[in-house]
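Undergrad: what would the 3D arrangement of this be:
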Amino acid sequence: MDNKLNRPVRVLVAKVGLDGHDRGAKVIATSLRDAGMEVIYTGLRQTPEMVVNAALQEDVDAIGVSILSGAHMTVFPKIMALLKEKDLTDVLVTGGGIIPETDQQELTKLGVGKLFNPGTTTSEIVAYINNWAFENRNF
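TA: Residues are numbered from 1 along each chain as shown. Prediction:
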């Protein structure tokens, strides 16, 4: 796929809350980097405020949140509200973890992008972020 941005897609990969399971986030970060994206990994125990501030400072196209703690219905709405407050409404918020389908549907209504369950291939995640960025970020 041609990069229609003429620059690498920039993605912030975040682990929010007290969830210390970061292997999946690191695998995703490495896969995105291997696919030619610029990746900023926040490390563990980030707050939604820290994630949004990092996204603003790093001028990212997308934020990928890894969450296995069950706090997705708190974390994603807070990130979306903070992005809106800071007028960063053109940034994709996506993520993955253990998120029930009914919760995924509610988060989609709030503007959260596709959420990936365990077992999703990294190539599917790369393609989704690339396609979204190419269609929505033309600068």
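Undergrad: ranges for the helices of this structure?
TA: Applying DSSP state H to the chain gives helices spanning 23-34, 48-58, 72-85, 101-109, 122-136.
Undergrad: check which helices and strands the last one sits against.
TA: To tie it back to what came earlier, the one meant is helix 122-136. helix 23-34, strand 62-67, strand 92-97 (3 or more CB pairs under 8 Å, 6 or more residues apart in numbering; DSSP states H and E). C-beta here means a position set from N, CA and C on the backbone, and glycine is covered the same way.
Undergrad: and the direction of that helix versus that of strand 62-67, what angle?
TA: Computed with axes from the mean of the first three to the mean of the last three CA atoms, to 10 degrees, the direction of helix 122-136 lies at 140 degrees from that of strand 62-67.
Undergrad: which positions in helix 122-136 come out as buried?
TA: I125, V126, Y128, I129, N130, W132, A133, F134 (16 or more other CB atoms under 10 Å).
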